[in-house]
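Colleague: Got a sequence here, can you model it:
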Amino acid sequence: MHELSIVEALIEQAQKEMDRAGHRGRVLRMELVIGRLAGVSCDSVRFAFDLLAPGTPLEGAQVHIAEPKATCRCHTCDAKLEIDEITIRCPHCGGIELTIEGGRELLLQSIEIED
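Modeller: Next up, the predicted model:
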């Protein structure tokens, strides 16, 4: 489960941001953006967070995950459509000249720190 290493990196990143800002409190809320095509299970991220956060400033923090969909743009029919999985054909016309846009994000969007 690569989500464990992802959550380890997120916890480390949050701690670095707290150090950089000079905060010594604890994190109350963490907002993540995990695109639907990122290859990351949001449920596994939550599980890994519950497993790894105890003993860190993130212990007990709420984790909010936004899951943006991807879109594909067809260069044949000029359609722009939301997709839930990578596709090689346009769902509208069947064309094969596609550009996949977004949906692969994996971002620590924000952290809310106790005053």
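Colleague: tell me the SS of the closest residue to Leu98 other than its chain neighbours?
Modeller: Using Cβ to Cβ, 6 or more residues apart in numbering and skipping residues adjacent in sequence, the residue nearest Leu98 is Cys72, 4.8 Å away. Quick note: C-beta positions are derived from backbone N, CA and C, even for glycine. At Cys72, secondary structure determined by DSSP: H, G, I helix; E, B strand; the rest coil is strand.
Colleague: Quick check: what element follows the helix or strand hosting Glu8 along the chain?
Modeller: With secondary structure defined by DSSP states H and E, Glu8 is part of helix 3-21. Sequence-wise, the next helix or strand beyond helix 3-21 is strand 27-34, with elements assigned using DSSP H and E.
Colleague: any idea of the mean pLDDT in that following strand?
Modeller: When the per-residue pLDDT values of strand 27-34 are averaged, the result is 96.
Colleague: which other helices and strands contact it?
Modeller: Using 3 or more Cβ pairs under 8 Å, 6 or more residues apart in numbering; DSSP states H and E as the contact criterion, the secondary-structure elements in contact with strand 27-34 are helix 3-21, helix 42-52, strand 62-66, strand 106-113.
Colleague: list the contacts for the spatially most central residue of the chain?
Modeller: Here the mean C-alpha position of the chain is nearest to the C-alpha of Ile34 (Cα atoms, centre = their mean), at a distance of 2.0 Å. Residues touching Ile34, when contacts are defined by Cβ atoms under 8 Å, 6 or more residues apart in numbering, comprise Val40, Cys42, Val45, Ile65, Ala66, Glu67, Glu105, Leu106, Leu107.
Colleague: go again using 7 Å as the cut-off
Modeller: Val40, Cys42, Val45, Ile65, Glu67, Glu105, Leu106 (Cβ atoms under 7 Å, 6 or more residues apart in numbering).
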